[in-house]
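Peer 1: With the input below, show me the fold.
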Amino acid sequence: MVADFVEKEKLKQTVLLVGSKVARDLYVALSYPTSYWIDREGKVVHRETGFQPTMVPALERMARKLVAKP
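Peer 2: Sure thing, here's the model as predicted:
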């Protein structure tokens, strides 16, 4: 089901499907959802755990900041 969604939406980012051990061990994802913000150099600059609809404006600002041309 997730793979179908990824294909349908033509998502380019990696979607982790392996399970909690991989997420926990490699990415320190202790709860879900966990989002990682990665800059143009590939450095993780922020990790966001959980989601609430009230977070959307802040998430949009972070996304715009990271894709803005220097």
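Peer 1: ok, which stretches of the chain are helices?
Peer 2: 2-9, 20-27, 56-67 (DSSP state H).
Peer 1: Residue 51 versus residue 4, what's the distance?
Peer 2: 22 Å (CB to CB, to the nearest Å). Quick note: C-beta positions are derived from backbone N, CA and C, even for glycine.
Peer 1: Apart from its chain neighbours, what residue comes closest to the residue sitting nearest the centre point of the chain?
Peer 2: Of all residues in the chain, the one closest to the mean position by CA atoms, centre = their mean is residue 35, 3.3 Å from it. Closest residue in space to residue 35, ignoring its immediate chain neighbours: residue 48 at 4.5 Å, by CB to CB, 6 or more residues apart in numbering.
Peer 1: And residue 37, by the same measure?
Peer 2: Of all residues not flanking residue 37 in the chain, residue 46 sits nearest, at 4.0 Å (CB to CB, 6+ apart).
Peer 1: Same question for residue 28.
Peer 2: residue 47 (7.5 Å).
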